[in-house]
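J.: Dropping a prediction and its sequence here:
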Amino acid sequence: MKNDVNYGSKEQHGLHWGISEFIAPGWRVGLIEQGGSCQRLREQDLSNCNNPVITLGNIWAHKDPQEAKLFRHPDEYEKHGVRWFCWDNPQLPHLLYRGHHNPQGYKNWMRITEGNTVTTPDTAVREGQSGAERINQQLRDITEGRIQKWWQIVGERKNKIEARGKKVLVCPSGAGVFPNYYDLDKTDWIRERMHQLTNMGYRRVLRDKPGRQAREINNNKLHEVIHNEDIAFTVSIHSVVPVETLVAGIPAVVEGRHASGELGTPWDEFVATDKLRCPEREEVDAWVDRILMDTFHKTEAYEGKWYGQ
């Protein structure tokens, strides 16, 4: 494991966005032809499936227009009795930001969650082991000790999670998420949330999801914006935004499948009460440990070391 090698390159695993079956022993994430345990699920049809599967990315963005039509909502897996895992970016997004641990900003870490697109309080891919301890050891190894703990890569932190002022950052997900997961229109969602916040007396700022490169320049990472612009809290849907928000020390209002467990404030609860959940910092750190149980360096995935160990 080195910090200057791109372990996230497609050449490492050979999988395309969409669903692949584990058909060979070892739980190695990658095509069989490249030493993995997987092959692409025929026609992305869950009725053709006899094995556990792993889903990579949002297939509606697939380069092949025919493949792009074959998105399967997570609810379909349960209906077909398919055991499934989701592969996506880590829920502690700082692992992909540039730093001593990742000087080129490579996608060398990932999350693998079971039965959902995000970590939930009641399931873990690796039970009984501290995720923070494992990731901390990786950070120590690849930085030769310059980074000892995960919290050294997350930027400024507050001692207490609380809203400060009335300026709110609204953070919608990518456009494809809204119709595919929630049968919503992104423009409508933004308009309705902004209108409600205004009615409640908040100043709202829209942060439409910037590209990865744009986040790396001009202090545009989410936690930098939170501190530099004195944001009171964030509003998001289907996102890991709440994790970065809470780690930075402000509350997170959430909708859909989100990565903050019980620590985020559900939108409907916030609208009904105008109150925010403000967990203790220790609770946030415990939740980070929990999501790091589902966080893996990609070498762990390719070698099958992510599963059940």
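T.: Nice, thanks for sending it over.
J.: Report the central residue of this protein.
T.: Gln91 (3.6 Å; C-alpha atoms, centre = their mean).
J.: surely that one meets Thr119?
T.: Yes: counting by C-beta atoms under 8 Å, Gln91 touches Thr119, with 6.1 Å between them. C-beta here means a position set from N, CA and C on the backbone, and glycine is covered the same way.
J.: Now the common contact residues for those two.
T.: Counting by C-beta atoms under 8 Å, 6 or more residues apart in numbering, the contacts common to Gln91 and Thr119 are 111, 259, 291, 294.
J.: Test my guess that the second one contacts Pro242.
T.: It refers to Ala259. Yes: using C-beta under 8 Å, Ala259 is in contact with Pro242, at 6.0 Å.
J.: Between the two, point out the one with more neighbours.
T.: Between Ala259 and Pro242, counted using other C-beta atoms under 10 Å, the more crowded position is Ala259 (30 against 27).
J.: which ones among the shared contacts of Gln91 and Thr119 are found in strands?
T.: Residues of those located in strands (DSSP state E): Arg111.
J.: I'd like to know which of the shared contacts of Gln91 and Thr119 is nearest to Gly165.
T.: When those are compared for distance to Gly165 (C-beta to C-beta), Ala259 wins out at 24.7 Å.
J.: Read off the pLDDT value for that closest one.
T.: What the model reports for Ala259 is a pLDDT of 94.
J.: Identify the residues contacting it.
T.: The contact partners of Ala259, by C-beta under 8 Å, 6+ apart, come to 91, 118-119, 239-240, 242-243, 291.
J.: Which positions in stretch 206-215 come out as buried?
T.: Residues of stretch 206-215 classed as buried: 207, 209, 215 (neighbour count, 16 or more other C-beta atoms under 10 Å).
J.: Lowest pLDDT pick from those?
T.: Within the buried residues of stretch 206-215, pLDDT is lowest for Arg215, at 71.
J.: Now the biggest helix by length in the chain - C-alpha only, PDB.
T.: Scanning the chain for the helix with the most residues, using DSSP state H, yields helix 186-199. C-alpha atoms of helix 186-199 as PDB (Å, rounded to 0.1, in the frame of the first residue of the first chain):
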ATOM      1  CA  LYS A 186     -34.200  18.000  -8.400                       C
ATOM      2  CA  THR A 187     -35.400  21.500  -9.300                       C
ATOM      3  CA  ASP A 188     -38.600  21.000  -7.400                       C
ATOM      4  CA  TRP A 189     -36.800  19.700  -4.300                       C
ATOM      5  CA  ILE A 190     -34.400  22.600  -4.300                       C
ATOM      6  CA  ARG A 191     -37.200  25.200  -4.700                       C
ATOM      7  CA  GLU A 192     -39.300  23.600  -2.000                       C
ATOM      8  CA  ARG A 193     -36.500  23.400   0.500                       C
ATOM      9  CA  MET A 194     -35.300  26.900  -0.100                       C
ATOM     10  CA  HIS A 195     -38.800  28.300   0.200                       C
ATOM     11  CA  GLN A 196     -39.400  26.400   3.500                       C
ATOM     12  CA  LEU A 197     -36.100  27.700   4.900                       C
ATOM     13  CA  THR A 198     -36.900  31.300   4.000                       C
ATOM     14  CA  ASN A 199     -40.300  31.000   5.700                       C
END
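J.: Could you shift the numbering so residue one becomes 744, and keep it that way?
T.: Happy to do that; since the first residue is 744 now, the last one works out to helix 929-942.
J.: Quick one: residues in contact with it.
T.: By C-beta under 8 Å, 6+ apart, the list of residues contacting helix 929-942 reads 911, 913, 915-916, 918, 920-921, 947, 949, 978, 980, 1010, 1014.
J.: ok, 10 Å please
T.: 909, 911, 913, 915-922, 925, 927-928, 945-949, 951, 978-980, 996, 998-999, 1010, 1013-1014 (C-beta atoms under 10 Å, 6 or more residues apart in numbering).
J.: I'd like to know which of those are buried.
T.: 911, 913, 915-916, 920-921, 925, 927, 945, 947-948, 978-980, 996, 998-999, 1010, 1013.
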